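Q: Sequence below, structure please.
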Amino acid sequence: MNDLYTPEAGETLFIEKLQALASIDYALIRITETMMDKSIIDASQIIRDILEQSDLISYNEISQGQKIISSSQVLSDFGWVVEKCSFYRPKTKSGDPRFWIYNLKSYAKLGTLIYFTVIDGSLITIPLKSIETINKYGGEILKNEKLKPNLTQLIDKIKILNKQVWIPSVGVGKPADKDVGVTLEEALNIPINSLKTPDFLGEIELKCKRTKSKTRNNLFAQVPNWDLSKYSSAKDYLINYGIYSPKHPEYKTLYVTVKSQPPNQQGFYFDLDYKIGQLHQKRIYNNIIEKMCAWEFSKLRERLHEKHPKTLWIEAEEKIIDGKVHFKYHNIKLTQKPIFSSFLNLISTSEISMDWTHRCLPNGTRYNDHGFLFKIPTKSRSKLFSITNEIVI
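A: Below you'll find the model as predicted:
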């Protein structure tokens, strides 16, 4: 875990308060001695993304040696203050993107974690020092937009279904986790598909699970960028790192979970590289660390927003009627606007993890997989999504 970009436990409370005021993407950076001495901050990939997506600054349009002067609103102990800020690329060191907030030393000290975002074309700079200051002044600039999503059609359909009380499962044979969602989608006449877009009208994702289920929630599936990885396919990883299991005795399998800490039994773990904007899966074995595969932040951000603009998380009671499983759907929650910075923080705290779901024969044939599945526990969902509403049916 990189302390330069990762909040400590107490600092997480500051971020949660800020996100309650304004659900918006943000970047974090901890002030170091070098920053203070040289009055420079390296612009990490996530900071560059936020600046560019808000049309404030694109470092691709700044030449080496060029400096652009702008302004930033800084939250001080006495309220908001406007300070100059600069965005530039030096002539040396390949022109690595940098920025600086003038007089930052007056508002932050060595080790202070700074929260950056952009609102109305202005860089917002908030040293995470005092919850009282955030409570007193934060709402003057940080304000949530009020969203009124058009969910009437889908909610009405689920209400009608709920009047039937118990809906027979479409599953056959041994009950499976997927039966809950497939049964609802069939009852709603939603075609079963593996598209990357949301389930209902391409706008609303449906996520279903049994009420008593303790399993994590699937967020999305995303393959690594093989050009950034040690091998060029999942099959290569299976052949080199796969294990034999009683469930699939003839196969080499990787049905394993990867998170930041601790490493799993294979030694796999996540490491976030904020500077270049990549999530790495690494392996530690006999105290030797090797890079295995990687995902670019930009692709993970794209998939998260693509899959979850609006999501209904639905629980289902289960009952056996005449020897067959039936479901009744209830406890519906709507989430909107996932925050990618929070996604990265949740990876760093191991609350978001990823499952390999792969197997093949030792010679590489009969390959099978269900994707690289990024997952989150129910209790952590509110940390990821900016808006959560309970739907009464």
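Q: does the spatially most central residue of the chain sit in a helix, a strand or a coil?
A: For the chain, the residue lying nearest the average C-alpha position, counting by CA atoms, centre = their mean, turns out to be residue 343 (2.5 Å). Secondary structure assignment for residue 343 (DSSP: H, G, I helix; E, B strand; the rest coil): helix.
Q: residues in contact with it?
A: Shown in contact with residue 343 (CB atoms under 8 Å, 6 or more residues apart in numbering): 300-301, 304, 352, 384. Where you see a C-beta, it was placed from the backbone N, CA and C, and this is true even at glycine.
Q: what does residue 356 give?
A: 234, 237, 254-258, 372.
Q: Tell me the pLDDT of it.
A: Looking at residue 356, its pLDDT stands at 96.
Q: ok so, going back, buried members of the contacts of residue 356 into ChimeraX, please.
A: This is the ChimeraX syntax for the buried subset of the contacts of residue 356, where burial follows 16 or more other CB atoms under 10 Å:
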select :234,237,254,255,256,258,372
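Q: Show me which of the contacts of residue 356 is closest to residue 76.
A: Nearest to residue 76, judged by CB to CB, of those is residue 258 at 41.5 Å.
Q: mind listing what that closest one touches?
A: 264, 268-270, 281, 353-356.
Q: helices or strands up against the host helix or strand of residue 290?
A: Element membership for residue 290 (DSSP states H and E) is strand 288-296. Secondary-structure packing of strand 288-296 (3 or more CB pairs under 8 Å, 6 or more residues apart in numbering; DSSP states H and E): strand 278-285.
Q: Recalculate using a threshold of 10 Å.
A: For strand 288-296, the packing partners by 3 or more CB pairs under 10 Å, 6 or more residues apart in numbering; DSSP states H and E come out as helix 234-241, strand 268-273, strand 278-285.
Q: can I get these in a markdown table with distance to residue 309?
A: What follows is the helices and strands packed on strand 288-296, written out as a markdown table (distance: least, CB to CB, whole Å):
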| stretch | distance to residue 309 |
| --- | --- |
| helix 234-241 | 28 |
| strand 268-273 | 24 |
| strand 278-285 | 22 |
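Q: and residue 366, which of those is closest to it?
A: That would be, of these and by CB to CB, helix 234-241, which comes in at 10.6 Å.
Q: Show me what the closest one is in contact with.
A: 223-224, 226, 229-231, 233, 242, 251-254, 256, 266-268, 281, 283, 285, 292-293, 356-365, 367-369, 371-372 (CB atoms under 10 Å, 6 or more residues apart in numbering).
Q: Now, the contacts of residue 343 that are in strands?
A: With DSSP state E as the criterion, strands contain none of these.
Q: which among the residues you listed gets closest to residue 185?
A: After measuring the contacts of residue 343 against residue 185 - CB to CB - the closest member comes out as residue 304, at 21.6 Å.
Q: got a list of what the closest residue in space to that closest one that isn't next to it in sequence touches?
A: Residue nearest to residue 304 in three dimensions, not counting chain neighbours: residue 338, with 5.1 Å by CB to CB, 6 or more residues apart in numbering. Residues in contact with residue 338 (CB under 10 Å, 6+ apart) are 23, 25, 219, 301, 304-305, 307-309, 311, 381, 384-387.
Q: Apply 7 Å and report the result again.
A: Residues counted as contacts of residue 338 (CB atoms under 7 Å, 6 or more residues apart in numbering) are 304-305, 308, 384-385.
Q: go on, residue 114?
A: Counting by CB under 7 Å, 6+ apart, residue 114 has contacts 28-29, 31, 108, 125-127.
Q: cutoff 6 Å now
A: 29, 127 (CB atoms under 6 Å, 6 or more residues apart in numbering).
Q: quick one: which of the contacts of residue 356 sit in strands?
A: Those of the contacts of residue 356 lying in strands (DSSP E): 254, 257-258.
Q: For those, point out the one with the lowest pLDDT.
A: Lowest confidence among these: residue 254, with 93.
Q: Can you tell me, leaving aside adjacent residues, what's nearest to that residue?
A: Spatially, and ignoring its direct neighbours in sequence, residue 254 is nearest to residue 356 (4.1 Å; CB to CB, 6+ apart).
Q: Repeat that for residue 64.
A: Nearest to residue 64 is residue 95, by CB to CB, 6+ apart, at 3.8 Å.
Q: Was I right to think the one you found contacts residue 63?
A: No - look at residue 95 against residue 63 with CB atoms under 6 Å: they stay out of range, at 7.9 Å.
Q: Pick out whichever of those two has more residues nearby.
A: residue 95 (16 against 10; other CB atoms under 10 Å).
Q: Nearest residue to residue 369 in space, ignoring adjacent ones along the chain?
A: residue 358 (4.1 Å).
Q: and the one you found, what does it touch?
A: 234, 238, 254, 369.
Q: tell me which element residue 110 falls in.
A: Here residue 110 is assigned to no helix or strand, by DSSP H and E.
Q: contacting residues around it?
A: residue 31.
Q: rewinding a little: will you turn the contacts of residue 356 into CSV that also has distance to residue 164?
A: Supplementary listing: the contacts of residue 356 in CSV, determined by distance: CB to CB, whole Å:
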residue, distance to residue 164
234, 42
237, 46
254, 41
255, 36
256, 40
257, 37
258, 41
372, 37
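Q: Return the member of the contacts of residue 356 nearest to residue 175.
A: residue 255 (19.1 Å).
Q: residues near the nearest residue to the closest one once chain neighbours are set aside, how many?
A: Leaving aside its sequence neighbours, residue 255 sits nearest to residue 357 (CB to CB, 6+ apart; 6.2 Å). Residues lying near residue 357 (other CB under 10 Å) number 17.
Q: Make 796 the starting number, not 1.
A: All right, first residue 796 from here; so that's residue 1152.
Q: Is residue 1152 in contact with residue 1162, as I believe?
A: No - using CB under 6 Å, residue 1152 is not in contact with residue 1162, being 11.9 Å away.
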